[in-house]
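[1] Sequence below, structure please.
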Amino acid sequence: EAKTIGVLYTTNEVNSQSHLEIFKELAPKYDFEIVAIGVTGPSDIPLAVDSLLAQVDCVNNFTDNNVVNNLATLIDKANEKMIPVFGSEEEQVRNGCIASESIDYLALGKETGKMAAQVLKGQDVNTLPVMVISESIPVANQEVMNNLGISLPEAYKDSITFLK
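    Numbers count the residues shown, from 1 in each chain. Modelled structure (predicted):
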């Protein structure tokens, strides 16, 4: 039922900017509106979270270092308002996000190893292409789902790993 997805991101983290651009491109295709609020540091997060939560049905969290380091603030405030926060990787779900299509760290490690081998063979690191890992693992936090009164349709239960 959600139509408005909130994103809190750090304005000087390139990974967050690139993820946000992808979200903005995909949103109309799925009839979503993206509300994004940029922060520059940890001190910006509490007020930005309050502003964001006043405008959205749910929140998606990237692998933004600044925001992840302050994830408890986002999750605590979102839980008070009964707004689910979706993560980008398994640890965020363990820490209170409702679910994630989690990065496959094994696939990431393999690609990183290939890139390291290229550098060790003499390739200039500045010429290596940016790699995007498409492999992922769906994970969910049953306790958070219960607390928010959200249930997963039976058709999806066998394809998701529930974390403790």
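
[2] Could you point out the longest helix of this protein?
    The longest helix of the chain (DSSP state H) is helix 105-120.

[3] Same question for the next helix-or-strand element following that helix: list its buried residues.
    The first helix or strand that comes after helix 105-120 along the chain, using DSSP states H and E, is strand 136-141. Buried residues in strand 136-141, counted by 16 or more other CB atoms under 10 Å: 137, 139-141. Where you see a C-beta, it was placed from the backbone N, CA and C, and this is true even at glycine.

[4] from these, which is closest to residue 150?
    residue 140 (9.6 Å; CB to CB).

[5] Disregarding flanking residues, what is the spatial nearest neighbour of the closest one?
    Excluding the flanking residues, the one nearest residue 140 by CB to CB, 6 or more residues apart in numbering is residue 99, at 4.1 Å.

[6] From residue 81, how far off is the one you found?
    18 Å (CB to CB, to the nearest Å).

[7] ok, these two, which is more surrounded?
    Neighbour tally, residue 99 and residue 81, criterion other CB atoms under 10 Å: the higher count belongs to residue 99, 24 against 10.

[8] contacting residues for the more buried one?
    Shown in contact with residue 99 (CB atoms under 8 Å, 6 or more residues apart in numbering): 84, 86-87, 93, 138-141, 145, 160.

[9] Using a markdown table, lay out the residues you listed together with pLDDT and distance to residue 40.
    Output for the contacts of residue 99, formatted as a markdown table (pLDDT from 0 to 100; distance: CB to CB, whole Å):
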| residue | pLDDT | distance to residue 40 |
| --- | --- | --- |
| 84 | 98 | 26 |
| 86 | 96 | 23 |
| 87 | 95 | 22 |
| 93 | 95 | 27 |
| 138 | 92 | 32 |
| 139 | 93 | 30 |
| 140 | 95 | 32 |
| 141 | 96 | 29 |
| 145 | 95 | 33 |
| 160 | 91 | 35 |
